[in-house]
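Q: model this:
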Amino acid sequence: MFKYVQKTTFTIIELLIVIAVISILIGIALPRFKGMQDEGNIAKAKAELRTLQIAVESYYIHNENEYPATGSATLETELSDDANVPVIIDEVPTDPFSATSADYVWVLGGTNDKFYIIYSVGPDGNGSAVINVNDEVTEINGDSCIYVSNIDQDTKP
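A: The predicted structure is shown next:
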């Protein structure tokens, strides 16, 4: 007796259909993943900026009501240098949106340099902020900037 054995292999058409379906699913999933990654980086930046704000306020209290000079390198030196007592934080975190892994930007200004802004460039990578002549925060390049400041618009002097 002769038995017929059926082969269980895929044809080229079946393989192409499977590859096309997988490609479509990947095309749908990747943009959503990028959006979730941006949301995570925004939350991370907000938390790190809050930590830096607390560190700057602690520095202010421990240094006779003086803020560190302007510049991210100065902020790094003043808050985390072992020569300064007390050391406020171990290291200043880097901005997750910076293309060059730079630190958050530290700006001191306003009336008698009493106000500051610490900001991230934001998801667009080009956000910035300044303290204007009315001692208010003004965002430059749209609203992609993420910042913290000691300027309270309701209790401003």
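Q: distance of residue 11 from residue 104?
A: 57 Å (CB to CB, to the nearest Å). The way it works is simple: take the backbone N, C-alpha and C, and place the C-beta from them, glycine included.
Q: So which of these two has more stuff around it?
A: The residue with more neighbours, out of residue 11 and residue 104, is residue 104; 25 against 8, by other CB atoms under 10 Å.
Q: ok, that one - contacts?
A: 45, 48, 49, 52, 72, 92, 93, 94, 95, 118, 119, 120 (CB atoms under 8 Å, 6 or more residues apart in numbering).
Q: Quick one: low-confidence residue ranges for the chain.
A: By pLDDT under 70, the weakly predicted segments of the chain are 1-2, 5-7, 71-72, 82, 84-85, 142, 153-157.
Q: at 90 instead, please
A: 1-12, 14, 27-38, 58-94, 97-114, 121-145, 151-157 (pLDDT under 90).
Q: quick one: the strands in it?
A: 105-109, 115-120, 128-131, 137-140, 146-149 (DSSP state E).
Q: As TSV, those with mean neighbour count and distance to residue 32 would be great.
A: Below are these laid out as TSV (neighbours: other CB atoms under 10 Å; distance: least, CB to CB, whole Å):
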stretch	mean neighbour count	distance to residue 32
strand 105-109	20	30
strand 115-120	25	23
strand 128-131	19	29
strand 137-140	15	28
strand 146-149	22	22
